[in-house]
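K.L.:
Only the shape, not the letters, is given here:
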């Protein structure tokens, strides 16, 4: 029926466990790519690193072939916000900031995460931008608790960013539900009033992903049909984790420690299922 909200998929504990397996593959690949980032490395080189991790793990890519997407990672450098296509001609330079987004599938269940990585020393304002974006992601993850509302997450992300500085919070783009597909209901904006939207329930899994800029929140898509850049040419950062909402707390499926350290710093206990 028109006007009816999309149903949010609820997972069983066994399905969440499969998502955790996918999340650990994602964490391993992002760690390997972070270690490989250096001046002179191409974004296609990083894609090759991720492909090798997938092969070694017996996992498949969430991204490759998705609506025709040609790679297993998105590699977005400097003013590119998201969905940058890896290239064997694009070499990283010292001082760049690259956002790497990656997803993996294990037993039909997805994990999705993104990091922003400095290429050698970066300008202080660039380091601060990435730190603010990462902190806002964790503040949003800490709000992903059963009984709350969807926009409690959005509000937590926005509040964190606003407190950090005069950054642009990218308009329109945001996080999403995830599970048997990479992108599912609900869409999760990185700004908004709290207490709105669906009630968060055990079994939900969400990808929380703030995108923050040094300038305007406005973006545009390039002619390749994928790459999103800032309109004003200012640099951007992008961070993301997949979280499962359980009865007794969240479980960050794409973090090696399940999110224990960062959640504890925010007064939130990790779900006992993560033990």
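P.N.:
Sure, I can see it. Keep in mind that this is a model prediction, so the values were computed, not measured.

K.L.:
which stretches of the stretch 51-200 of the chain form helices?
P.N.:
In the stretch 51-200 of the chain, the segments counted as helices under DSSP state H, counting those that start in this stretch are 124-142, 150-164.

K.L.:
now those helices as TSV including mean neighbour count and distance to residue 260?
P.N.:
Bear in mind the C-beta positions are built from the backbone N, C-alpha and C, glycine included. Below are those laid out as TSV (neighbours: other Cβ atoms under 10 Å; distance: least, Cβ to Cβ, whole Å):
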stretch	mean neighbour count	distance to residue 260
helix 124-142	21	12
helix 150-164	22	19
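
K.L.:
okay if I get these as CSV plus mean pLDDT?
P.N.:
Below are the helices of the stretch 51-200 of the chain laid out as CSV (pLDDT from 0 to 100):
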stretch, mean pLDDT
helix 124-142, 98
helix 150-164, 98
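
K.L.:
just so I know, which of the ones you listed lies nearest residue 239?
P.N.:
Comparison of the helices of the stretch 51-200 of the chain against residue 239 by Cβ to Cβ identifies helix 124-142 as nearest, at 4.4 Å.

K.L.:
Give me the angle between that closest one and helix 150-164.
P.N.:
150 degrees (axes from the mean of the first three to the mean of the last three Cα atoms, to 10 degrees).

K.L.:
Now do the contacts for the residue sitting nearest the centre point of the chain.
P.N.:
Geometric centre of the chain, nearest residue: residue 240, 1.9 Å, by Cα atoms, centre = their mean. Listed by Cβ atoms under 8 Å, 6 or more residues apart in numbering, the contact set of residue 240 reads 101, 112, 113, 114, 137, 175, 207, 208, 209, 254.

K.L.:
do the same with residue 269
P.N.:
So residue 269 contacts 248, 249, 263 (Cβ under 8 Å, 6+ apart).

K.L.:
how much space between it and residue 11?
P.N.:
20 Å (Cβ to Cβ, to the nearest Å).

K.L.:
start to end distance for stretch 192-205?
P.N.:
20 Å (Cα to Cα, to the nearest Å).

K.L.:
Stretch 73-91 now?
P.N.:
Stretch 73-91 has its terminal residues 16 Å apart, counting by Cα to Cα.

K.L.:
Give me the contacts around it.
P.N.:
With Cβ under 8 Å, 6+ apart as the criterion, stretch 73-91 contacts 33, 39-47, 50, 63, 69-71, 92, 96-102, 114, 170, 173, 211, 213, 219, 224, 226-230, 233-236, 238.

K.L.:
make it 7 Å
P.N.:
Residues outside stretch 73-91 that contact it (Cβ atoms under 7 Å, 6 or more residues apart in numbering): 40-44, 46-47, 50, 63, 70-71, 96-102, 170, 173, 211, 219, 224, 226-230, 233-236, 238.

K.L.:
Repeat that for stretch 217-227.
P.N.:
69, 80-81, 83-85, 168-171, 228-231.

K.L.:
6 Å instead?
P.N.:
80, 81, 83, 84, 85, 168, 169, 170, 171, 228, 230, 231 (Cβ atoms under 6 Å, 6 or more residues apart in numbering).

K.L.:
Okay, buried residues for that stretch please.
P.N.:
For stretch 217-227, the neighbour count (16 or more other Cβ atoms under 10 Å) marks 217, 219, 226, 227 as buried.

K.L.:
Need the contacts of residue 240 in TSV (columns: distance to residue 130).
P.N.:
What follows is the contacts of residue 240, written out as TSV (distance: Cβ to Cβ, whole Å):
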residue	distance to residue 130
101	14
112	19
113	15
114	11
137	11
175	18
207	18
208	16
209	14
254	18
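
K.L.:
quick one: which of the residues you listed is nearest residue 23?
P.N.:
Nearest to residue 23 among these: residue 254, at 4.0 Å, using Cβ to Cβ.
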